[in-house]
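Trainee: have a look; sequence and predicted model below, questions after that.
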Amino acid sequence: MNFKSALAVTLSAGMLATGFVGAAAPAFAQVKAHRAPAIQVITTNVVTGKMDHKKGWPKFTTAMFHAKAGETVKLVIHSYDDGSAPVLASFTKVKGTFGNAEFVNGKKMTAFKAADVAHTMTIMAGNQQINVVVPVRSAKEKFVTVTAEFKFAKAGKYNWQCEAACGSGKSGWMGAMMTNGWMRGTWNVAK
Ligand SMILES: [Cu+2]
């Protein structure tokens, strides 16, 4: 429903409730006061190296984001990855989101076992750190859906990094982990 039709529905509901059929001014005042804040829904996918035809290079598609400061971001991640990657304990917890929580296939989660973590979306926005955990998808599903809501306090260009060592090399920190557009990228947050 767009804003105009939402307004129309609210207006007619308001008129019915109050028996109000005259000038629209009071109903308008009511609508204005209850107007919902803007939500920016941003969707990205995590594909495996097999899917992007670059073996050992899992990838966030997209890895470059745009948002507006002070507005709620609803980040939706569909991850096709069924493998876990080594991660420090501090990045197994959801941080900086509303209620320090996220939703995995609709289920509220605040922390994960390290063995269940495939990737993270860890945003370093000045003093504000946001850590969204992407768990391993189960064998029963094509992808797992993670949703998290947060807000950037200030405008700026912020880097994000996956903190689960899903790349190549001995440490797992080479390749995709070190390359913008794969397991790291930017959030451009406008005023
Ligand atoms: Cu990763």
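Mentor: Ah, there it is.
Trainee: surely residue 95 touches residue 128?
Mentor: No: applying C-beta atoms under 8 Å, one finds residue 95 not in contact with residue 128, separated by 9.6 Å. For every residue, glycine as well, the C-beta is placed using N, CA and C.
Trainee: okay, residue 152 and residue 61: tell me how far apart.
Mentor: Distance of residue 152 to residue 61, given as C-beta to C-beta, to the nearest Å: 22 Å.
Trainee: hang on, I meant residue 93
Mentor: Distance from residue 93 to residue 61, by C-beta to C-beta: 26 Å.
Trainee: with residue 87 instead?
Mentor: When residue 87 is compared with residue 61 (using C-beta to C-beta), they lie 21 Å apart.
Trainee: same question for residue 126.
Mentor: From residue 126 to residue 61 the distance is 26 Å (C-beta to C-beta).
Trainee: which one of the two is surrounded by more residues?
Mentor: Ranked by neighbour count (other C-beta atoms under 10 Å), residue 126 and residue 61 place residue 61 first, with 13 against 10.
Trainee: now do the contacts for that one.
Mentor: Counting by C-beta atoms under 8 Å, 6 or more residues apart in numbering, residue 61 makes contact with 44-47, 52.
Trainee: out of these, which one sits closest to residue 104?
Mentor: residue 46 (13.2 Å; C-beta to C-beta).
Trainee: bridging residues for the residue nearest to that closest one when sequence neighbours are not counted?
Mentor: Among residues not flanking residue 46 along the chain, residue 79 sits closest, at 3.8 Å (C-beta to C-beta, 6 or more residues apart in numbering). Each beta-bridge partner of residue 79 is listed here, defined by DSSP bridges: residue 46, residue 144.
Trainee: relative to the ion, how far out is residue 79?
Mentor: 9 Å (C-beta to the ion, to the nearest Å).
Trainee: what about that residue, neighbour count?
Mentor: Residues near residue 79, counting by other C-beta under 10 Å: 23.
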